[in-house]
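> With the input below, show me the fold.
(chains A and B)
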Amino acid sequence: MQIMRQLEIIVGILFVLTTISAGLIWLERRLLALWQDRYGPNRVGSFGLLQVLADMVKILAKEDWTPPFADKPVFILAPAIIMISAFMSFAVVPFAPGISIINMDIGVLFFLAMSSLGVYSVVLAGWASDSKYSLLGGMRAAAQMVSYEVFMGLSLMGVVILAGSFNINEIVGAQRNLWFIIPQFPGFVIFFIAGIAETHRLPFDLPESENELVAGYHTEYSGMKFGMFFVGEYLGITLISALIATLFFGGWLGPVLPPVVWFFLKTFVFICLFILFRASYPRPRYDQVMFLAWKIMLPLALLNLVVTGAIVLIKTG
Amino acid sequence: MKVEVKKEKLSSLVLNLNLSLNLNFNLILEVGMLSLIKGAWAVLLHMFSPRVTIQYPEKKPYVPPRWRGRIILSRDPDGEERCVACYLCAVACPVDCIALQAAEDEHGRRYPGFFRINFSRCIFCGFCEEACPTYAIQLTTDYEMSEYKRTSLVYEKEDLLISGTGKYPGHNFYRVAGLAIGGKDKGEAENEEQPVDVKSLLP
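The predicted structure follows:
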């Protein structure tokens, strides 16, 4: 019985996530259009909602081409890694009390580990494609994601100190009186920026900057392999948004509405914020990205950690 | 001695680093961060501004009257064809999409025996309209000419001819030209004087 319940949750979460990541394609195009005074896809079905279906049919029907010069096993493995690592991260996200796959004591660390694995996907894709643009994209991805990983973890440590636990469920529970956005505002900003860089979304989309690297690390990909990178990217957005909502905005905590609704509502706001950033910001130069990471964000994250630690120490006396 | 030089270099290096760091740091915090938030806010406010897209098939965009669209052949106010088959349009056409054959009726009026425009080649440059001495060939505001077959884009004379005068309502070429045709002799055109008898000595 317990196992059946677990399986139900796993299948349900997988289904919901796949639907969300497909629906995000439509949402992103519509929102970008809204902010750029256009309409976006509005012809297929009501509000263009069936565009998602049309896109999926299109990408599944496309030729799945592996270039002859590519390193075949790695080339095929790379898009799978990003999807798997994104799906795995969701295992520790509590959607509502009782609706989560594993209640892990090291939930935050597990998420960080999985997002580090995501780097492999991009780097291996760039390497296995054996094309200069892909390689450049992969190199940038390696440097960018490794740099931002460093303070991504550090920015969460303030939350961990305040909650006294790595368990995400307990972190949500610790926010019953006060959301961590208030004591941990710098941590939130740093985590958000790192999250954008981790999912290589604009303005930090240097690994795939289309106006200089064609499409960066997935230049040589087509068909559903390319689609998997896309789904992986949208899963990443959902994951980062879900984690921001859980770690800083009280997760499923909220009055009146059921917890799942609160969770998805909060997540949705941050997904929209991701898209808003894409609509508004230009891409920084590569050295500026590195400058921001190592000279500003890392010291800030460390400072945040030290100050938070000191305050907690003083309080507990 | 050596150590001192090194120290100086080191301190200047540190100073430079500090300066550049401070400068960039301030730049990003004061100019960067604030303007980033302002920028995102400005984009967000675009949610409430009207969309510029015109939903085409349901709503037609404004087309100026001088638009260079589908080509037509017009008639003069009397209902006769204006075209005198002078071939100037065919000569002016940069893509050679106009083909015609001159013919002459019993009154001595020239007209095109056939007149064919291949719209799959036409680039709608309007040179034919500029070249036309009789205002016969004209470009219109119609741009919805899609077809399922290429051959459907070849327009014959009966497809091109319209019953009206187009852009020049009162113009009748044979009324203003000095050419004699059946029913209008020399000197009978508008603002034309009778021909001078060059063989007579009297004024």
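> Quick check: next helix or strand after the helix or strand hosting A:Gly138?
Per DSSP states H and E, A:Gly138 falls inside helix A:132-163. Using DSSP H and E, the helix or strand that follows helix A:132-163 towards the C-terminus is helix A:168-174.
> Show the average pLDDT along that next one.
Taken as a whole, helix A:168-174 carries a mean pLDDT of 82.
> Please apply the same query to stretch A:130-141.
85.
> swap in stretch A:17-27?
Here the average pLDDT along stretch A:17-27 is 86.
> List the contacts of stretch A:187-198.
Stretch A:187-198 has contacts (Cβ atoms under 8 Å, 6 or more residues apart in numbering or on different chains) with A:115, A:118, A:144-145, A:147-149, A:151-152, A:154-156, A:158-159, A:180-181, A:202-204, A:236, A:240, A:243-244, A:247-248, A:270, A:274, A:277, A:289, A:292-293, A:297, A:300-301, A:304, A:308. All C-beta atoms are positioned from the backbone trio N, CA, C, and that covers glycine.
> and it, how far out from the chain's middle?
Computed by Cα atoms, centre = their mean, to the nearest Å, the chain-centroid distance of stretch A:187-198 equals 10 Å.
> Likewise for stretch A:38-55?
For stretch A:38-55, the distance from its own C-alpha centre to the chain's C-alpha centre is 24 Å (Cα atoms, centre = their mean).
> got it, and stretch A:245-260?
In terms of Cα atoms, centre = their mean, the centre of stretch A:245-260 is set 19 Å apart from its chain centre.
> Quick check: the residue of the stretch 151-300 of chain A nearest chain B.
Relative to chain B, the nearest point of the stretch 151-300 of chain A is A:Ser280 (4.0 Å; Cβ to the nearest Cβ).
> Quick check, that residue in contact with B:Ala40.
Yes - using Cβ atoms under 8 Å, A:Ser280 is in contact with B:Ala40, at 4.5 Å.
> Tell me which residues of stretch A:287-296 come out buried.
Neighbour counts over stretch A:287-296 (16 or more other Cβ atoms under 10 Å in any protein chain shown) mark A:289-293, A:295-296 as buried.
> The residues you listed: which ones sit near chain B?
A:291-292, A:295-296 (Cβ under 8 Å from any Cβ of the partner chain).
> What about those, which are in helices?
By the criterion of DSSP state H, membership of these in helices covers A:Phe291.
> Turn the ones next to chain B among the buried residues of stretch A:287-296 into TSV, including distance to A:Phe111.
As requested, these are exported to TSV (distance: Cβ to Cβ, whole Å):
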residue	distance to A:Phe111
A:Phe291	27
A:Leu292	23
A:Lys295	26
A:Ile296	24
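> give me every residue that touches A:Cys85.
One thing to correct before we go on: residue A:85 is Ser, not Cys. Counted by Cβ under 8 Å, 6+ apart, A:Ser85 has contacts A:114-115, A:117-118, A:121.
> Nearest to A:Phe75 among those residues?
Distance to A:Phe75 across the contacts of A:Ser85 (Cβ to Cβ) is lowest for A:Ser121, with 11.5 Å.
> any idea how far the closest one lies from A:Ile76?
For A:Ser121, the distance to A:Ile76 (Cβ to Cβ, to the nearest Å) stands at 12 Å.
> Counting neighbours around each, name which of those two comes out higher.
Shown here are A:Ser121 and A:Ile76; by other Cβ atoms under 10 Å in any protein chain shown, A:Ser121 has more neighbours (26 against 14).
> Quick check: that one vs A:Phe180, distance?
Distance of A:Ser121 to A:Phe180, given as Cβ to Cβ: 30 Å.
> Please apply the same query to B:Gln55.
Counting by Cβ to Cβ - B:Gln55 and A:Phe180 are separated by 45 Å.
> mind giving me the domain ranges of chain B?
Following automatic domain parsing, chain B resolves into domains at B:2-48, B:71-172.
> Mean neighbour count, these: which tops it?
Per residue and on average, the most neighbours among these fall to domain B:71-172, with a mean of 16 (mean count of other Cβ atoms under 10 Å in any protein chain shown).
> how distant is that one from the center of its chain?
Offset of domain B:71-172 from its chain centre (Cα atoms, centre = their mean): 16 Å.
> Quick one: mean pLDDT for that domain?
91.
> close to chain A, is stretch B:36-45?
Yes - applying Cβ under 8 Å from any Cβ, one finds stretch B:36-45 touching chain A at B:36, B:39-40, B:42-44.
> Identify the residues contacting that stretch?
A:35, A:276-277, A:279-281.
> can you redo these as TSV with neighbour count and pLDDT?
As requested, those are exported to TSV (neighbours: other Cβ atoms under 10 Å in any protein chain shown; pLDDT from 0 to 100):
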residue	neighbour count	pLDDT
A:Trp35	21	89
A:Leu276	18	90
A:Phe277	20	88
A:Ala279	19	87
A:Ser280	20	87
A:Tyr281	16	85
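> Disregarding residues adjacent in the polypeptide, which is nearest to A:Phe270?
Nearest non-adjacent residue to A:Phe270, counting by Cβ to Cβ, 6 or more residues apart in numbering or on different chains: A:Ser241, 3.5 Å away.
> Doesn't that neighbour lie inside a helix?
Yes - the assignment for A:Ser241 (DSSP: H, G, I helix; E, B strand; the rest coil) places it in a helix.
> so who does the residue nearest the centre of chain A touch?
When Cα atoms, centre = their mean is applied to chain A, the residue found nearest the centroid is A:Gly236 (2.6 Å). Going by Cβ under 8 Å, 6+ apart, A:Gly236 touches A:82, A:86, A:115, A:118, A:198-199, A:201.
> Can you tell me the SS state at the residue lying closest to A:Ala245 once chain neighbours are set aside?
Distances taken as Cβ to Cβ, 6+ apart put A:Lys266 closest to A:Ala245, at 3.6 Å, once the chain neighbours are dropped. Classification of A:Lys266 using three-state DSSP returns helix.
> pLDDT score for A:Lys266?
Looking at A:Lys266, the pLDDT reads 88.
> what's the burial count for it?
A count of nearby residues for A:Lys266, using other Cβ under 10 Å, gives 23.
> Same question for A:Gln36.
A count of nearby residues for A:Gln36, using other Cβ under 10 Å, gives 15.
> how about the residue nearest to it when sequence neighbours are not counted, what does it touch?
Distance criterion Cβ to Cβ, 6+ apart; nearest residue to A:Gln36, sequence neighbours excluded, is A:Ala279 at 6.5 Å. Each residue near A:Ala279 by Cβ under 8 Å, 6+ apart is listed here: A:31-32, A:35-36, B:43.
> and what of A:Leu154?
By Cβ under 8 Å, 6+ apart, the contact set of A:Leu154 is A:190, A:298, A:301-302, A:304-305.
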